[in-house]
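Trainee: my questions are about this predicted structure, shown below with the sequence.
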Amino acid sequence: KPKTKQERVDHVKKQGYLYKYSKVCQDVLSALLDKYMNEGISELEDTRVLENAPFDRMGSPVSIARLFGGKNKYLQAVRELEEELYVLR
């Protein structure tokens, strides 16, 4: 039986995936997980999501990407997050 979005998010959090990042990056990734639960996977893949709440309170899209070490590392973190959501365990 396929897992629900909530089950997938809970699994990612229980696995401790977010802990490899700083607290601020964890906040960004947690907010992305919330967007995923409410709106779907496309919200994770679109960097324009960073222009909206709650990300706009965390900084500009460029400053958020810098928290991860730049845009490429931010995108890599998002891809890894997606993999964690859909890995079969």
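Mentor: Structure received.

Trainee: mind listing the helices for the chain?
Mentor: 5-15, 23-39, 42-45, 61-67, 71-86 (DSSP state H).

Trainee: now mean pLDDT, mean neighbour count and distance to Glu51 too, for those helices, in CSV please.
Mentor: (C-beta placed from N, C-alpha, C; glycine too.) Shown next, in CSV, are the helices of the chain (pLDDT from 0 to 100; neighbours: other Cβ atoms under 10 Å; distance: least, Cβ to Cβ, whole Å):
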stretch, mean pLDDT, mean neighbour count, distance to Glu51
helix 5-15, 92, 14, 23
helix 23-39, 94, 17, 12
helix 42-45, 79, 15, 12
helix 61-67, 96, 16, 6
helix 71-86, 94, 15, 14
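
Trainee: got the contact list for Tyr86?
Mentor: By Cβ atoms under 8 Å, 6 or more residues apart in numbering, Tyr86 lies in contact with Arg8.

Trainee: for Ala31, see how far away it is.
Mentor: 19 Å (Cβ to Cβ, to the nearest Å).

Trainee: which residues are in contact with the spatially most central residue of the chain?
Mentor: Closest to where the C-alpha atoms of the chain average out (Cα atoms, centre = their mean) is Leu29, at 3.3 Å. The contact partners of Leu29, by Cβ under 8 Å, 6+ apart, come to 18, 21, 77, 81.

Trainee: now do the phi/psi pair for Lys3.
Mentor: Backbone torsions for Lys3, taken as degrees, to the nearest 10, come to phi -80, psi 150.

Trainee: tell me who's in contact with it.
Mentor: Lys3 neighbours (Cβ under 8 Å, 6+ apart): His11.

Trainee: likewise for Ala65?
Mentor: Counted by Cβ under 8 Å, 6+ apart, Ala65 has contacts 50, 71, 73-74.

Trainee: go ahead and confirm Ala31 touches Arg57.
Mentor: No. At 9.6 Å, Ala31 and Arg57 do not qualify as touching, with contact defined as Cβ atoms under 8 Å.

Trainee: and Gly70, how far is that from Lys14?
Mentor: Relative to Lys14, and taking Cβ to Cβ, Gly70 is found at 29 Å.

Trainee: ok, now Phe55?
Mentor: 24 Å.

Trainee: Pro54 too?
Mentor: Where Lys14 is concerned, Pro54 sits at a distance of 23 Å (Cβ to Cβ).
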